[in-house]
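A.B. asks: next input, structure requested:
(chains A, B, C and D)
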Amino acid sequence: MVLLLAITAGVLFAAAIYMILRRSLVKILVGLLLLSYAVNLLLFNSADLIPARPPLVAADSLLPPTIYADPVPQALILTAIVIGFGLTAFAVVLMRQVYSTLGTDDLNEMRCTDIPCQEVEIASEEELMEDPL
Amino acid sequence: MQRSILLSAAAHYLMPLMLVFSIFLLIRGHNEVGGGFAGGLVAASGLMLYGIAISPAALRKLLPIQPHLIVGIGLLSALLSGAIPMLMGKPFLTGQWLKTPLPVIGKVGTPLLFDTGVYLVVIGVVVWILLTLAEE
Amino acid sequence: MIALPILSPLLFGILNLLAWRSARLQKALSLAGGAVQLGVALWLLHTVQQSGIQHLQVGNWPAPFGISLVMDLFSAILVSVAAVIALVVAAYSQAGIDAPRVQFGYYPLFFLLLMGVNGAFITGDLFNLYVWFEVMLMASFVMLALGGERPQIEGAIKYLILNLLSSTLFLSAVGLLYNLGGTLNMADLALRLPKLEQGNQVTLIAILFLVAFGIKSAIFPLFFWLPASYHTPPVTVTALFSGLLTKVGVYALFRVFTLLFVQDTAYTHALILVIAGFTMVTGVFGAAAQTDFRRLLSFHIISQIGYLLMGLGLFSQPALAASIYFMVHVILAKTSLFLVAGIVEKLDGSFNLKELGGIYRTRFGVALLFLLPALSLAGLPPLSGFFAKLALIVAGFELQQYSIVAVGLAVSLMTLYSMTKVWNEAFWKEPQQSTHHPAHKPISAWLWAPTAALVLLSLLAGMLAEPLLGLANQAAAQLADPSIYIQAVLGAVP
Amino acid sequence: MIFLSFSVLTGILLAGLAPLLHRRFATRSAALALFPLAIFAQLCLAIPEVAAGKAWQVALPWVPSLGLSLSLRLDGLGLVMALLISGIGALVIIYGGAYLHGHPFLGRFYSLVILFMTAMLGVVLSDNALLLFVFWELTSISSFFLIGFEHHKANARAAAWQALLVTGSGGLAMLAGFSLLAKITASFEISHWIGHSADILAHPLAPAAFLLILAGAATKSAQFPFHFWLPNAMEAPTPVSAYLHSATMVKAGIYLLARLFPVFSGLALWPMVITSMGLITLVGGALLALAQTDLKRLLAYTTVSALGSMVFFLGLGTTLAVKTALVVLIAHALYKGALFLVAGCVDHGTGTRDITILGGAGRAMPFTATAAGLAGLSMAGIAPLLGFIAKELMYEATLEATLPALLTGLLLVANVGMVAVAGWVSFKPFWGKPGQEHLHPHEGPAALWFPPLLLAALSLLLGAFPQLIGKWLVAPAAQALWQAPLSVKLSLWHGLTPMLGLSALTLLLGIGISAAGPRLQPGITRFWHALAKFGPAAFYPRSLHAVLSFAAWQTTVLQSGYLRLYVGSIVLFTVILAALTLALRPSQFSVPTILPPRFYDVVLIGIILTATFLVTRARSRLATIALLGSIGFSIAILFLLYSAPDLAMVQFAIETLTVILFVLVLYRLPKFKQLSSRATKTADMLLALMGGVLMTALMLIVSAHNSDSHLTRYFAESSLPLANGRNIVNVILVDFRGFDTLGEITVLAIAALGVFSLVRLAKKGGQKRQAPPTGGKQ
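C.D. replies: Numbering: from 1, shown residues only, chains lettered A, B, ... in the order given. A predicted model of the protein is given here:
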């Protein structure tokens, strides 16, 4: 399972990188999500995988059973998931904002902060109103 | 967005149930599966369902205070739970427990206050984001 | 209590959040918060200097199980400088940040950013470092995009994606290192990593950390996000970022490459030295190609990061001390320059060097405020930049690393070139638009007074080079010998 | 002498106060000259002691950890320079007040001149090389501001910039050289270096240190191939040219070479490099001067030539040559300072500096003409002026050197040029035929003509009584170079010597060329123009341009604005570094033992892999959301199966929220388009695969090493007894590692705040940006 999980995480990483290399913002967003899945799997894999032995102390004992899953990576992943949610929420809204301000989600049209280019006119109201769904 | 009557009716009944369940999750979280995050997320889901199924305005009316204040109070109680032991000369976030356990809840201490803070922040954050997006 | 530099900004952040509706209250709170922060930081600096590394176990759980907060001299210096920058920027913000931004959470963000920065400086736990990085990043994302102007969100997109990439890499590296070392406490790791049979695996993970922190500190060839975004928000925000953000990345590099990854310095630190050289050169060339005041300064941030890394790559106590002093110098000087750029923009309505002009004639004071930190950055004696560079040169010669010294000197000349270019264009040249009358525009005292104070501090950093270098040297001594740190956290080393 | 040690501090203070004082005492502000005069007087009082071989010294620590101390030392060499600096400084302040009378920035002028003078005094008094460097750069920067004094002129800005960059680059090289010497001797004190010259010479780094320091001296003293900045610096107001660019600052390089003469003159490189550099500058400067028509540029090129001669004689290194260099230094400062000031008077009195136009102003400007005449005679080397003595010494020194014929011949050429130029600048404007244009020459106020007259008169006085400087100034200075007492006997009359003959020949040829000037000049000018594009003066803009175009090119390549290139290079860099590390530092790589996977695992991982593959190819937004959701939920189930129920719960909830968020937002985003070409996709795929393989490999490499976490046991054992909780994960979250959680909820709070501000503030901004409400659809 370690091997399987490592490969799965690797595939997720590869897919994430591929998506982040796209030009469309939406795809990049997908890439970011995949990236957080990949990291979570990586963290999960950083301790031995033990099926069906949650790190809980039974009601009648002071210590957990002799074999139990390592709770540390679990706590770390939980933290990472929640942080990841915050970042994703912000990223999603930021990208929506980009689209509504620029009228495009093509990153090749977002080079003005790097290279001098002429003022591109802001997307007109009509364009924004059009609901593409 | 279209609203189905069925969904809104469900939301009316589901929401309070989910809130109660979330508090249950929060309180027992220290000993069983659950905790501030899980509880907060369940509560937030319930409120979200309400907001989407009925209306964001209704959700806002339902809230006793503004969502950013919920977040602020949540953060403040988490900070407070850490600051209490500081007043007693212990390091930040040192757990302080009441000697006698309360009925139902069990042992009560600053970690519970901390978890409540987490719970509030999660609810506040989700509701805040939802209202921001839905009220446009 | 060394948790205070983290908790006090959190408290002020929350208070500002609760005071959402009152801009006036928030402004007052920001000044109070900045002052408290500075007081706490200086007191801690004094304590650390007097009685050595300070250490606290959060929640009273013993190390390495609970989270350790550790303040050695290096951390204390950076926390203090960060507090200075925070107070100055808080004051500058009174007039430098427009009402809508204040209305929409500028001040809460300001404090939470500071909280993240200080958390990163103080924590002794690798995963906790990740958390503080995220706090800082999240706050910086929002501050960068706050206002929603087109260049802002364009820049913010690039900033966000590249920094998330870095965070992911960082988190992965933490996970891998946990797998290898079985602990997250840095002191504990420092103790355990050298004992591992597979030292090369540690080196491999060190490379991941180098890339992850390298992106944050904007080194070559990972710096793209910085010039793409730093010039887009209000200059007040840029000033804050330039003073704090990349320096946290550099701090993290210093921390892990002096504490954890010191098994194979012949490889890792040589690599850092090469990267340092390229970072200096590409940064300064980037600056030479700019005609926008802020973009030019942004590229200079990169080039200065190269100098900071040079000390780490050389990896001797004097070199580390030189870098620490350099860091103090560059934070003060670069932030002042951004603040001055803001004043210039207020006067002349532009950041474009081609459109600026005439400020020396009409506003000698502003010109002086630019000139001092600019020349300091270029390394002119007897300003702080000169001592910083000299210390690096001497340290480099000591280790017979002549080529990096040559690069450093050449880059210094290029820095002089672009600083005097700004001077020629914005200050000496005649005003370009007859409609602008810079002479008659009032500058709020909230703008010039904090800037002047910071410039004065930067001057002092040059005047007081000896005590500051002494302090840096003490800090470097702690960095150069990891066992001091380990002992402070874990007690007697078994 | 206490006064002298405070003079530096006082000077800097005074420089800061000068504009205020000027504003307060407008007309009497030339009284600032009292400051340099006081220093001058003080120095004069010190002459006897110094001549007796005593050196006055004071040292205070400044930055001892870097070797920088405030150590000042006054010996013979420093004394000569300091006298020139303070004496001419006083005159220039008086002169400048009149020259720039009514100029809005006269206050700033005073300030800069005093700052410069202080810095220059610092250079010549410092015994610590770092301190010297501090002052050295201060002279460069004040020179920058003074050259650019008329900063509304683009030429002035460019010239100032050029001078700063050229001397600045030399300065940095010099700093490196100093640091090398400090590495060799463990000290930055110059007297320490002199004491340890044998150690230095024996060290393999000595030649490098020498060449680096030489670069500093050569750029400052405008030696070939760095000479070109000096004529361009004539954009400065004339008093500045007189003071900085002829009498003092450009002599800083000479001073430095003289100062380090005892350290380096034993080096084999010394005579070779320095004499040839000096000689090229000496001859080249004089010949270039012949092509000029502007008074100040004529003087500038002859200054270059004179500086070359000083360097040349220091390079020769004989006792006679050393004395010669010192006498030339003094003589040149006096006559050239005077001539520059005269040029200012002429400019002031006639409105032009073009010698083809000037002529016949002598009657209207008698004092200026007298000063010009005397100084010109000294420059031409005619008895009984000091220049004559200098010239005799020069010939004497070359005649006794190796290769006397070659050296003397070249010197003759240069000196002929000097004579010719002396004629053009000091006689033609006053007694020559006036040009076509009608000039109205008039004498300025005494503050303008008195300073040059005084300097010129000094040339005469010292020429007549050369032993005044011979005994009191030159001998002690030479002693500083030679590190042993030298006797110096200067006299006007040596009898009928070869030198006298050469002098006469020089004079004859020079006067001939001077008279033939108008006819000769166009030819010379054409010649130099033809050569110009190969010269170093053309090299400067060309190299600057090359650097800048490279910078621009590099920046457009690196900072292209394409995010995918940024991401790509980061991934590529990571992969390359990791591969390099694996190659150089191989790690053990063991595939873990494969246990037959459980059925659920295979199904779940199958779902994840399939969904991942599909999501990269998805064309519709709905499908994308569904696929992402299925990956997320599968991972949640995986967590549940492998003993992480809390994790599973949170993952489920978060996944649900994320999907809702996506639905809320994504439908406002555009449909997917195919934007990339097939080739790009293939390249990206390769890169992505490399990244994925790297991460898998890392995980396997690391898990090959089996270390158990000792945190786990502690947490398990203390969870209930110490932290009162049975759910260990939750206890870790709220207690053991509660601090992480505090940070984490802060991130959440910021994110919510961010979403709110981003949406609401942009909406407000958007309303501002809206076009006037003409065509809205509402």
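A.B. asks: rest of the way, CA atoms for contacts and neighbours
C.D. replies: Fine.
A.B. asks: which secondary element of chain B has the worst mean pLDDT?
C.D. replies: Using mean pLDDT, DSSP states H and E, the weakest-scoring helix or strand in chain B turns out to be helix B:5-28, at a mean of 87.
A.B. asks: quick check on residue 93: phi, psi?
C.D. replies: Here I'm looking at chain A. phi -70, psi -40 (degrees, to the nearest 10).
A.B. asks: the closest residue to it other than its chain neighbours: how many residues sit nearby?
C.D. replies: Nearest non-adjacent residue to A:Val93, counting by CA to CA, 6 or more residues apart in numbering or on different chains: D:Val755, 6.3 Å away. D:Val755 has 28 neighbouring residues, counting by other CA atoms under 10 Å in any protein chain shown.
A.B. asks: can you report how many residues lie near the nearest residue to B:Ser8 once chain neighbours are set aside?
C.D. replies: Leaving aside its chain neighbours, B:Ser8 sits nearest to B:Ala53 (4.8 Å; criterion: CA to CA, 6+ apart). B:Ala53 has 23 neighbours, counted by other CA under 10 Å.
A.B. asks: can you check D:Phe613 too?
C.D. replies: Neighbour tally, D:Phe613, other CA under 10 Å: 15.
A.B. asks: for chain A, see how far away it is.
C.D. replies: 7 Å (CA to the nearest CA, to the nearest Å).
A.B. asks: next, the residue lying closest to that residue once chain neighbours are set aside: phi, psi?
C.D. replies: Spatial nearest neighbour of D:Phe613, excluding adjacent residues (CA to CA, 6+ apart): A:Ala15 at 7.3 Å. Dihedral pair for A:Ala15: phi -60, psi -40, per degrees, to the nearest 10.
A.B. asks: before we move on, the earlier item: and the residue nearest to A:Val93, how far is that from D:Val659?
C.D. replies: Distance, D:Val755 to D:Val659, by CA to CA, to the nearest Å: 17 Å.
A.B. asks: which other helices and strands does the least confident helix or strand of chain B contact?
C.D. replies: helix B:36-53, helix B:110-134 (3 or more CA pairs under 8 Å, 6 or more residues apart in numbering or on different chains; DSSP states H and E).
A.B. asks: close to chain C, is the last one?
C.D. replies: No - legend: contact between helix B:110-134 and chain C by CA under 8 Å from any CA of the partner chain is lacking; minimum distance shown is 10.0 Å.
A.B. asks: next, the buried residues of that helix.
C.D. replies: B:110-133 (16 or more other CA atoms under 10 Å in any protein chain shown).
A.B. asks: likewise the shortest one?
C.D. replies: Neighbour counts using 16+ other CA under 10 Å place B:36-53 of helix B:36-53 among the buried residues.
A.B. asks: after it comes which helix or strand?
C.D. replies: Counting by DSSP states H and E, the next helix or strand C-terminal to helix B:36-53 is helix B:56-62.
A.B. asks: CA atoms of that following helix as PDB?
C.D. replies: Extracted as PDB, the C-alpha positions of helix B:56-62 are listed here (Å, rounded to 0.1, in the frame of the first residue of the first chain):
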ATOM      1  CA  PRO B  56     -29.300  34.600   2.100                       C
ATOM      2  CA  ALA B  57     -31.400  37.400   3.600                       C
ATOM      3  CA  ALA B  58     -33.200  34.900   5.800                       C
ATOM      4  CA  LEU B  59     -29.900  33.500   6.900                       C
ATOM      5  CA  ARG B  60     -28.600  36.900   7.800                       C
ATOM      6  CA  LYS B  61     -31.800  37.600   9.700                       C
ATOM      7  CA  LEU B  62     -31.300  34.400  11.600                       C
END
